[in-house]
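S.K.: Sequence first, predicted model second:
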Amino acid sequence: MVKKWLLMLLCGLLPFSAQAETGINQRTWMEQLVYSLGWSFGLPDKPEDEDYLRLLSGQRRLRIEAEEAYQPSDRVSVKSFSNFGTFSDTGWLSGISVPTQAHLRFTLPHAGRYRLSARVYLAGHRLELAGESFEFDGQNQFALVELGEVELEAGEMEALVELPPGGGFDYLELSAPPLGPIAPAGGWQPDLPLNATVAARTLVQALGLQGALPPSGRRFNLEAEHRPHPGLKLTRVRHLGA
């Protein structure tokens, strides 16, 4: 259904010349692409340009800073000293004298199977996300720890973090292979009018039809010696020819 709708739009735009304006700006077109592709679940309640651009970039790497995502009712404190090693952004969450919990809330732009990692201090941490549970240990200094993988849907998320007494939690990171970017040749410029060139290019990207485009007619020589590969050796011997 989505592809049919997009193809109808494409057919409607084809009669325009490459520079002809369509009567809408690129911001409106960005929004339409996101909603038509079914990606609106990855938007916050009040989306801004950056939220649409993040979705259309196809990147699936997200870092949740604990000091920004925790809830006021959580029995933790935010620290910014570096006695236990370096930390990212403005600070980190510190546990108290007994085990405690922090609720990290965030919006996940794209669905997929994500690899989780966290930067933590001390042993005895635990994380719950999307019905999966992960137990992991830090060190006596902040260190990045791999947790495992989890299948996630786009949208609002809450990760429950259990901190050991006196433990520290800097950030949670989610990463998955990127999707193909959807963008005009010069990048999105939301306030500019949409023309047929931008519309056609981004529709082809959205539908994944780049491979169906005809060859450009240009010839490219890719020199093998500029593409080194393990196990191969560069040679300039010419007895087999130029």
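M.R.: Cool, the structure landed.

S.K.: quick one: residue 58 from residue 207, how far?
M.R.: If you measure residue 58 against residue 207 using CB to CB, to the nearest Å, the figure is 14 Å. C-betas here are computed from N, CA, C, even on glycine.

S.K.: And for residue 148?
M.R.: Taking CB to CB as the measure, residue 148 falls 34 Å from residue 207.

S.K.: Do you have the helices of the chain handy? List them.
M.R.: Secondary structure of the chain by DSSP state H: the helices cover 2-13, 26-36, 49-57, 66-69, 196-207.

S.K.: lowest-confidence stretch among those helices?
M.R.: Of all those, helix 2-13 carries the lowest average pLDDT, namely a mean of 53.

S.K.: Can you give me the neighbour number for residue 102?
M.R.: Using other CB atoms under 10 Å, residue 102 has 21 other residues around it.

S.K.: Check the spacing between it and residue 124 real quick.
M.R.: When CB to CB is applied, the distance between residue 102 and residue 124 equals 14 Å.

S.K.: Also residue 93?
M.R.: 14 Å.

S.K.: What residues does the nearest residue to residue 96 once chain neighbours are set aside make contact with?
M.R.: Spatial nearest neighbour of residue 96, excluding adjacent residues (CB to CB, 6 or more residues apart in numbering): residue 75 at 5.9 Å. For residue 75, the contact set (CB atoms under 8 Å, 6 or more residues apart in numbering) comprises 96, 100, 101.

S.K.: I figured the last one hits residue 161, correct?
M.R.: Yes. With contact defined as CB atoms under 8 Å, residue 101 and residue 161 form a contacting pair (6.7 Å).

S.K.: ok, these two, which is more surrounded?
M.R.: Set residue 101 next to residue 161 and count neighbours by other CB under 10 Å: residue 161 wins out with 26 against 16.

S.K.: which residue packs closest to the more buried one, ignoring adjacent ones?
M.R.: Once flanking residues are discounted, residue 161 sits nearest to residue 102: 4.6 Å by CB to CB, 6+ apart.

S.K.: and that neighbour, how far is that from residue 66?
M.R.: From residue 102 to residue 66 the distance is 7 Å (CB to CB).

S.K.: Overlap in contacts, these two.
M.R.: Common contact partners of residue 102 and residue 66 (CB under 8 Å, 6+ apart): 93, 161, 169.

S.K.: Could you export the residues you listed as CSV, including distance to residue 29 and pLDDT?
M.R.: As requested, those are exported to CSV (distance: CB to CB, whole Å; pLDDT from 0 to 100):
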residue, distance to residue 29, pLDDT
93, 40, 97
161, 39, 98
169, 40, 98
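
S.K.: Please determine how far the one residue sitting closest to the centre of the chain is located from residue 127.
M.R.: Closest to where the C-alpha atoms of the chain average out (CA atoms, centre = their mean) is residue 60, at 2.6 Å. Residue 60 sits 19 Å away from residue 127, going by CB to CB.

S.K.: which stretches of the chain have low pLDDT?
M.R.: 1-22, 227-228 (pLDDT under 70).

S.K.: can we see that at 50?
M.R.: 4, 11, 17 (pLDDT under 50).

S.K.: where along it do the strands fall?
M.R.: Secondary structure of the chain (DSSP state E): strands located at 21-25, 61-65, 77-79, 92-94, 100-108, 112-121, 125-129, 132-136, 143-152, 155-163, 168-175, 193-195.
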